[in-house]
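**Q** model this:
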Amino acid sequence: MKKIFAIAAMMMMVTIYGCTQTTAKNEGEKILGPAISFDELEHDYGTIEQNGNGVYNFVFENSGTQPLVLTNVRSTCGCTVPQYPKEPVKPGKTATIEVKYDTRRIGPFSKSVIVYSNATDTPVVLRIKGKVVPKGSTADNG
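**A** Numbers count the residues shown, from 1 in each chain. The predicted model follows:
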């Protein structure tokens, strides 16, 4: 009986905590602690030529009240290489994660980059997609 009561009490505490976190976000209040907000979570390169520029910068802001630290940024494939700031991002400041796709590979692609940080809503998944065509062929950019 004590176990059931303890489990019910823990579930109620988790529910109350989750509701207060959601309410703060929904009311537009400043999130206490570090928070990460991206301008966009997906980038479509469209059609690009083989060996073309496969670099894109995802811009993010620390929309919280304490320094944001990116602890790890990794891709789902070796053909996609992310570069990220190692120093803390102060509240209200922006920074970028540079993602470079290897455009030597011909064909359509869809890759993910996973961003881990000390923010409460981690990890964040960024996506890139597009199509690489042989150099000299017509790129339809769509």
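
**Q** partners of the residue most central in space within the chain in the sheet?
**A** The C-alpha lying nearest the average C-alpha coordinate of the chain belongs to Val124 (CA atoms, centre = their mean; 3.6 Å). For Val124, the beta-bridge partners are Val115 (DSSP bridges).

**Q** got it, and Thr47?
**A** Lys131.

**Q** Quickly note the distance from it to Val99.
**A** With distances taken as CB to CB, to the nearest Å, Thr47 is found 18 Å from Val99. Yep, even glycine has a C-beta here, placed from its N, CA and C like the rest.

**Q** more crowded one of those two?
**A** Between Thr47 and Val99, counting by other CB atoms under 10 Å, Val99 is the more crowded of the two (23 against 17).

**Q** that's a strand at that one, yeah?
**A** Yes - with DSSP: H, G, I helix; E, B strand; the rest coil as the criterion, Val99 is assigned to a strand.

**Q** Report pLDDT for it.
**A** Confidence at Val99, expressed as pLDDT, is 96.

**Q** contacting residues around it?
**A** Each residue near Val99 by CB atoms under 8 Å, 6 or more residues apart in numbering is listed here: 43, 55-58, 75, 80-83, 113, 126, 128.

**Q** three-state assignment of the residue nearest to Tyr116 when sequence neighbours are not counted?
**A** Setting aside the residues directly before and after it, Tyr116 is nearest to Asn72 in space (CB to CB, 6 or more residues apart in numbering), at 4.3 Å. When the structure is split into helix, strand and coil by three-state DSSP, Asn72 lands in strand.

**Q** Quick check, Asn72 in contact with Thr122.
**A** No - using CB atoms under 8 Å, Asn72 makes no contact with Thr122, being 9.8 Å away.

**Q** more crowded one of these two?
**A** Comparing Asn72 with Thr122 by neighbour count (other CB under 10 Å), the higher total belongs to Thr122, at 16 against 12.

**Q** Could you check the pLDDT of the nearest residue to that one once chain neighbours are set aside?
**A** The shortest distance from Thr122 to any residue that is not its chain neighbour, by CB to CB, 6+ apart, is 5.6 Å, and that residue is Tyr116. As summarised for this prediction, Tyr116 has a pLDDT of 96.
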